Each structure stands twice: as structure tokens, then as C-alpha cells.
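# turn this into a model:
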Amino acid sequence: MFPAVILNLSGIYKEEKFWLQGNGNSERCEQISEISWVDAQDISGTNCYCDEEAAAEINRRTENVPVAGIHFIDSGNYHYITRLWIGRIREPFRLLVFDNHTDMQLPAFGGLLSCGGWIAAALEELEKLCQVILVGPDEEACSQVEDRLKEKVVFLSREHLASLKKEEILQELKGILAGNDLPLYLSIDKDVLGTEDAQTTWSQGDMSLQTLAGCVKQTLECAEQVPFKIAGVDICGECDRESAHDSTSNDKANRELLELFLPIRGK
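The predicted model follows:
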């Protein structure tokens with residue numbers, strides 16, 4: 001469906017195998033042909049916060065990477081990169097985010113773009129962003145979002161999701177997505193998952209990988225039925241490179257999510 005790009009910020013993806021044919025389990029561990037790499041490990045000022053110089057350099061190195069692709073953007077420390085991608089969308093659009101956090105904290109350091117405030121920044125800065133659908137944070141976190149930011153946001157809280165069966169979650173998501181035909185950008189932070197399905201650098205939710213994959217499938221099906229365009233996709237939520245021995249579940253989750261978008265040969 002889309003080309004895919006791995007943005008190499010911390011080096012963690014070199015410790016994983018989801019981007020290899022056969023998950024790297026065969027003798028010929030060739031890279032999946034639809035995947036390309038952008039090296040950004042040498043860019044300073046990127047961990048959790050992104051200064052203007054770093055943002056400009058990331059934009060420069062990714063200027064030829066289409067928004068309409070699948071972007072792997074490392075740990076949740078770099079989730080603000082979604083703001084850089086969606087800033088290139090030139091038509092009215094919606095944003096669907098799976099995350100255990102709201103990412104709507106106001107900046108503490110002179111307006112720096114941050115992993116904890118990038119959605120707030122997008123709502124304040126991007127006129128073309130018409131709606132945010134945020135799936136996963138707990139009710140307390142949702143209640144702490146400033147009222148002026150809530151106007152364009154639909155929350156599906158962790159507690160609300162826990163009260164529903166998987167089929168009911170999918171139906172509710174379908175009802176929201178079918179509300180209009182604006183293009184949709186999809187952003188997934190694996191910290192929305194329970195610890196049995198991912199190991200991340202941030203506190204985690206309790207969604208299962210099966211439910212998350214079901215939501216993604218529902219989104220793609222809804223896009224065909226309404227129809228509306230998938231403007232792009234990104235996935236984050238890796239562990240620290242120092243904890244790479246814990247990345248097996250992340251590798252599995254990345255592969256399963258990737259296979260929803262790419263016709264992968266040699267599975």
C-alpha cells in the first residue's frame with residue numbers, strides 16, 4: 001500500500017529484524033525492498049525535545065520522503081516527529097492517535113517542540129488539522145487537557161475502552177471515522193499496549209496487540225468504504241537501545257503492524 005521508511009535516531013532498529021525478509025530468520029536476511037532508511041543519529045537536540053535547528057535538519061533529510069508512507073520513528077521520545085510529517089499536509093485532514101498519553105502538555109522550555117506536547121502544538125499551529133481522535137490515555141489525563149484544545153478532540157479513554165468488548169471498540173471507532181471523508185493520518189505509539197506486547201520508554205496502557213491491529217484494520221476498511229484517503233502512518237514506541245534485549249515483543253508488534261500496510265514477500 002505504502003512505501004516505508006525507518007528514521008534511524010537511536011540505532012534501536014539495528015537491533016530488530018522486522019524490516020528483514022522472513023523476519024531475519026532465514027539464511028538470506030535481505031531487507032524488505034519497500035523499506036528505506038534515513039540516518040539521523042548524528043543530529044543533536046532531538047531526545048524528547050526538538051530545537052529549531054534539529055527540526056530543520058530532520059526536515060531537510062526527509063524532504064524527499066513522502067508523507068503518504070509508513071514511518072518508523074523510534075521511541076516515544078521522538079513522537080514529536082509526527083508534527084513534522086503532518087505539517088506537510090496541504091489539505092484539511094484528521095489525525096488518529098493511539099497513545100497511552102495525551103501528548104498535549106504545554107511546553108515548559110521556550111516553546112520547544114516536545115514528545116509530550118506535539119499534539120497541542122499541532123492543534124495550535126496547523127489550520128488544516130480539523131480533528132484529533134485520541135485513543136488510549138486515561139480519563140484523568142484527558143480531563144487535564146486545556147478546554148481550548150479539547151474543541152477538536154475526540155477522546156476514547158483507557159477506562160472507556162476497558163468497558164467494551166473488542167467488537168464494540170471497533171464499531172465505535174468505525175462510527176467516528178465514518179463521520180466525514182477528510183484524509184486521515186494515523187500515528188501509533190506502542191506504549192498504548194500492555195507490557196506483554198511491547199516494551200517502551202514510557203508508562204504503558206493495557207491494550208492488546210490483537211485489539212490494536214483490529215483497530216488499524218477497521219481504519220483501513222473504513223477508508224475504503226467511506227471513502228477517505230490515508231494521508232500517512234507513523235509508528236513509535238521502541239525501548240532504549242540499552243534495553244535492546246527486551247525488544248523481541250516490539251519487533252513482533254512492528255512486523256505485525258507493517259504487514260497490515262505492505263504486501264511483504266517471504267514472510
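# quick one: low-confidence ranges for the stretch 101-250 of the chain?
109, 244-245 (pLDDT under 70).
# isn't S36 right up against P3?
Yes - in this structure, S36 is within contact of P3 by C-beta atoms under 8 Å, at 7.0 Å. C-beta here means a position set from N, CA and C on the backbone, and glycine is covered the same way.
# which parts of the stretch 151-267 of the chain are strands?
With strands called from DSSP state E, counting those that start in this stretch, the stretch 151-267 of the chain shows them at 153-156, 184-189, 230-236.
# quick one, what contacts K190?
With contact set as C-beta atoms under 8 Å, 6 or more residues apart in numbering, K190 has these partners: 197-198, 200, 235-238, 250, 253.
# what pairs with M207 across the strands?
L193 (DSSP bridges).
# what about P137, distance to T62?
28 Å (C-beta to C-beta, to the nearest Å).
# can you check R90 too?
Counting by C-beta to C-beta, the gap from R90 to T62 is 16 Å.
# can you pick out the residue with more neighbours from the two?
Taking neighbours as other C-beta atoms under 10 Å, R90 and T62 compare with T62 leading, 19 against 8.
# if I look at that one, how far off is V192?
25 Å.
# so which elements touch the helix or strand where I6 lies?
Of the helices and strands defined by DSSP states H and E, I6 is found in strand 4-8. Counting contacts by 3 or more C-beta pairs under 8 Å, 6 or more residues apart in numbering; DSSP states H and E, strand 4-8 is packed against strand 35-39, strand 70-72.
# pick the most buried one from those strands.
strand 70-72 (a mean of 25; mean count of other C-beta atoms under 10 Å).
# and it, how far out from the chain's middle?
Centroid displacement of strand 70-72 relative to its chain, using C-alpha atoms, centre = their mean, to the nearest Å, is 8 Å.
# neighbouring contacts of that strand?
Residues contacting strand 70-72 (C-beta under 8 Å, 6+ apart): 2-7, 13, 19, 65, 81, 85, 232-236, 254, 258, 261-262.
# try 7 Å this time
Outside strand 70-72, the residues that touch it by C-beta atoms under 7 Å, 6 or more residues apart in numbering are 2, 4-7, 13, 85, 233-235, 254, 258, 261.
# now the closest residue to L20 other than its chain neighbours, what's its secondary structure?
Closest residue to L20 apart from its sequence neighbours, by C-beta to C-beta, 6 or more residues apart in numbering: C29 at 4.9 Å. Assigned by DSSP: H, G, I helix; E, B strand; the rest coil, the conformation of C29 is coil.
# so where does V97 fall, helix or strand?
strand 93-98.
# longest helix in the chain, please.
Taking DSSP state H as the criterion, the chain has its longest helix at helix 209-225.
# by contact count, what packs against that helix?
If contacts are counted by 3 or more C-beta pairs under 7 Å, 6 or more residues apart in numbering; DSSP states H and E, helix 209-225 sits against helix 166-177, helix 248-261.
# got the angle for the shortest one vs strand 93-98?
Same thing as helix 166-177. Counting by axes from the mean of the first three to the mean of the last three C-alpha atoms, to 10 degrees, helix 166-177 lies at 160 degrees to strand 93-98.
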